[in-house]
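Engineer: with the input below, show me the fold.
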Amino acid sequence: MPEIEFHKYGSGIFRPSGSGMDSEILRWPQKIRRSIRALVGAFLCALLLGGWETTSLMGQDDLASPGEPAISLHEPLAGQSCNECHKESVSLNGRCLMARDQMCVLCHEIPEAGGKAVLADPSASLCFKCHAEEAFKGDFVHGPFAAGSCLTCHSPHGADDSAMVRIAGRQLCLTCHEDMEAALVKARFRHRAMANGCNDCHSPHASDQRYQLTKPALDVCTECHEDIFDVTEKAVVTHSPVKEDSACLNCHDPHMAENDQLLPGEDMAICLGCHNEPIKADRYELPPMEPILAANPRHHGPIQFRVCSECHNPHGSNYFRLLTDAYPARLYSPFFESNYALCFRCHEPKLAEEEQSESATGFRDGGNNLHFVHVNKTSMGRTCRLCHDAHASSQPKHMRESVPFGTWDLPVKFNKTENGGSCEPGCHAAQSYDRLAAQSGRP
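Structural biologist: Sure, this is the predicted structure:
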């Protein structure tokens, strides 16, 4: 048999060089007397044993155990190619260049005199004759690939898919990941990216990223979620979990979930996963929210519905404390309706705009609107959070017991009455108000 010289063909694929070599190397000469003897002998054996059982050289059964010999009584007829007998195993429409071009001897050792045919090497070594091994390296390796079991996922002779996988789409992965398949069937929400299969996000061979991701988690997600990428890149105030460690996976399940937005739990439960202890934010330390909510039974509306994202953007924001709309960052601020866009999404602006009112607010002395008195100032207007806690309070109307003011806790000392109330804060002397009978003293 002549020596075969190889040269590169396409991307990492090799084939024989030299004109006419294809037909030459696929021709196995036989002695004439042996061909006649083999045919007669096989016929007699079939009559005696009740059948003629052979195993296809190129069939999938031969390749089920990579590295083991494929048992076959191989008696090719002189001048015939492999495909003339093995039409079922090797389709001329198959995508494997070696099989299509009848380069069977690259992977199979075919005895010239007939007998058992074997794989030339274990399957992984055979694959790397054509595919550059360097292109498949990484710190995180897929199990079958690590074991050299390429044929677990790929058909060696050809398939309809360009990667020659045995089953197209995510169904190939689910043949092993059965727990994932069961969860997908039951899940209320599924990630649309899975419709194209798993390879959009995961490398089926090896990767330098955890979970065999094709890129760092944030880069994988923002390939589709460009709007979120814009927020995270341009935001004045950033949320650290979005860019640290597992990025989006800190808050979202990448496959399926029972909650909208692929959240693995309810909105507030995810937030409290981190905000159950003090957190440093610039020069401030955010207090742990879980004990505050537990100790204060009067919860703000969004908290009652356990939806933190109603007021805070979990990806990033141009507003103070990741707020979803405008709100003053300072305790004292000039009043403009646009400055309080966050509050006025639920509360009526006239609450602070009408100097005299009988209905705009319950915080009034007769018809004198005390919200207007406190808030509606062009210079030192008091912001909402100077008196109200936006999360939870033990007092009616979410009134604070005290307000952090530099290093001092400014007391409020609010006391509610049937038609009004009183307060004795650190910012002015004790005052009271009554909606039915105006009091003389006003702040």
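
Engineer: low-confidence regions, the stretch 101-250 of the chain specifically.
Structural biologist: Within the stretch 101-250 of the chain, the segments meeting pLDDT under 70 span 101-102.

Engineer: all strands of it, in order?
Structural biologist: For the stretch 101-250 of the chain, the strands defined by DSSP state E, counting those that start in this stretch occupy 108-109, 115-119, 140-141, 189-190, 206-207, 237-238.

Engineer: next: the stretch 251-400 of the chain.
Structural biologist: Under the criterion DSSP E, counting those that start in this stretch, the stretch 251-400 of the chain contains strands at 256-257, 279-281, 284-286, 298-299, 316-317, 364-365, 368-369, 392-393.

Engineer: and those strands as CSV, adding mean pLDDT and mean neighbour count?
Structural biologist: Bear in mind the C-beta positions are built from the backbone N, C-alpha and C, glycine included. Output for the strands of the stretch 251-400 of the chain, formatted as CSV (pLDDT from 0 to 100; neighbours: other C-beta atoms under 10 Å):
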stretch, mean pLDDT, mean neighbour count
strand 256-257, 94, 18
strand 279-281, 84, 12
strand 284-286, 84, 11
strand 298-299, 96, 16
strand 316-317, 96, 19
strand 364-365, 94, 22
strand 368-369, 96, 20
strand 392-393, 96, 20
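
Engineer: dump those strands into a markdown table; add distance to His177 as well.
Structural biologist: A markdown table is the format used below for the strands of the stretch 251-400 of the chain (distance: least, C-beta to C-beta, whole Å):
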| stretch | distance to His177 |
| --- | --- |
| strand 256-257 | 13 |
| strand 279-281 | 36 |
| strand 284-286 | 39 |
| strand 298-299 | 41 |
| strand 316-317 | 33 |
| strand 364-365 | 64 |
| strand 368-369 | 63 |
| strand 392-393 | 42 |
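
Engineer: of all the ones you listed, which one is nearest Cys82?
Structural biologist: strand 256-257 (45.4 Å; C-beta to C-beta).

Engineer: gap between the two ends of stretch 120-129?
Structural biologist: Taking C-alpha to C-alpha, to the nearest Å, the first and last residues of stretch 120-129 lie 11 Å apart.

Engineer: buried stuff in it?
Structural biologist: Using 16 or more other C-beta atoms under 10 Å as the test for burial, stretch 120-129 gives Ser123, Ala124, Leu126, Cys127, Phe128.

Engineer: distance check, the last one against Ala120.
Structural biologist: Counting by C-beta to C-beta, to the nearest Å, the gap between Phe128 and Ala120 amounts to 12 Å.

Engineer: what's the overlap in contacts for those two?
Structural biologist: Counting by C-beta atoms under 8 Å, 6 or more residues apart in numbering, Phe128 and Ala120 have no shared contacts at all.

Engineer: got the strands of the stretch 101-250 of the chain as JSON lines, with distance to Met380 and mean neighbour count columns?
Structural biologist: Shown next, in JSON lines, are those (distance: least, C-beta to C-beta, whole Å; neighbours: other C-beta atoms under 10 Å):
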{"stretch": "strand 108-109", "distance to Met380": "88", "mean neighbour count": "16"}
{"stretch": "strand 115-119", "distance to Met380": "85", "mean neighbour count": "17"}
{"stretch": "strand 140-141", "distance to Met380": "58", "mean neighbour count": "16"}
{"stretch": "strand 189-190", "distance to Met380": "48", "mean neighbour count": "15"}
{"stretch": "strand 206-207", "distance to Met380": "57", "mean neighbour count": "18"}
{"stretch": "strand 237-238", "distance to Met380": "25", "mean neighbour count": "16"}
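
Engineer: minimum distance to Asp325: which of the ones you listed has it?
Structural biologist: With distances scored as C-beta to C-beta, the stretch of those nearest to Asp325 is strand 237-238 (12.9 Å).

Engineer: parallel or antiparallel, list what pairs with that closest one.
Structural biologist: When pairs are called by DSSP bridges, strand 237-238 turns out to pair with strand 316-317 (antiparallel).

Engineer: any chance you could list what contacts the strand it pairs with?
Structural biologist: Under the contact criterion C-beta under 8 Å, 6+ apart, strand 316-317 has outside partners Val231, Thr232, Lys234, Ala235, Val236, Val237, Thr238, His239, Val242, Leu322, Leu323, Thr324.

Engineer: give me the distance from that strand to the chain's centre.
Structural biologist: Strand 316-317 sits 20 Å away from the centroid of its parent chain (C-alpha atoms, centre = their mean, to the nearest Å).

Engineer: next one: stretch 263-280
Structural biologist: Here the centre of stretch 263-280 is set off from its chain's centre by 19 Å, with C-alpha atoms, centre = their mean.

Engineer: please apply the same query to stretch 240-257.
Structural biologist: Relative to its parent chain, stretch 240-257 has a centroid offset of 7 Å by C-alpha atoms, centre = their mean.

Engineer: same check, this time on stretch 192-202
Structural biologist: Distance of stretch 192-202 from its chain centroid, counting by C-alpha atoms, centre = their mean, is 10 Å.

Engineer: for stretch 423-435, same thing?
Structural biologist: How far stretch 423-435 lies from its chain's middle: 53 Å, per C-alpha atoms, centre = their mean.

Engineer: check which residues of that stretch are buried.
Structural biologist: Neighbour counts over stretch 423-435 (16+ other C-beta under 10 Å) mark Cys423, Pro425, Cys427, Gln431, Ser432, Tyr433, Asp434, Arg435 as buried.

Engineer: give me the contact list for that stretch.
Structural biologist: Stretch 423-435 has contacts (C-beta under 8 Å, 6+ apart) with 362-366, 370, 382, 405, 408, 410-415, 417, 419-422, 439, 441-443.

Engineer: kindly recompute the last result at 10 Å.
Structural biologist: Contact with stretch 423-435 is made by 332, 358, 361-368, 370, 374, 382, 386-387, 399-400, 402-403, 405, 408-422, 439-443, as judged by C-beta atoms under 10 Å, 6 or more residues apart in numbering.

Engineer: okay, which residue is most central for the chain?
Structural biologist: In the chain, the centroid-proximal residue (C-alpha atoms, centre = their mean) is Pro254; its distance is 3.2 Å.

Engineer: let me see the ranges of the helices in the stretch 251-400 of the chain.
Structural biologist: Assigned helices in the stretch 251-400 of the chain, in chain order: 267-272, 289-295, 301-304, 350-353, 370-375 (criterion: DSSP state H, counting those that start in this stretch).

Engineer: what mean pLDDT does the fourth one get?
Structural biologist: I take that to be helix 350-353. The average of the pLDDT scores along helix 350-353 is 95.

Engineer: mind saving the C-alpha coords of that helix as CSV?
Structural biologist: Written as CSV, here are the backbone C-alpha positions of helix 350-353 (Å, rounded to 0.1, in the frame of the first residue of the first chain):
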residue,chain,number,x,y,z
LYS,A,350,-51.1,68.8,44.6
LEU,A,351,-50.2,67.2,48.0
ALA,A,352,-47.3,69.7,48.0
GLU,A,353,-48.4,72.3,45.4
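
Engineer: which strands and helices sit next to it?
Structural biologist: The contact analysis (3 or more C-beta pairs under 10 Å, 6 or more residues apart in numbering; DSSP states H and E) places helix 350-353 against strand 368-369, helix 370-375.
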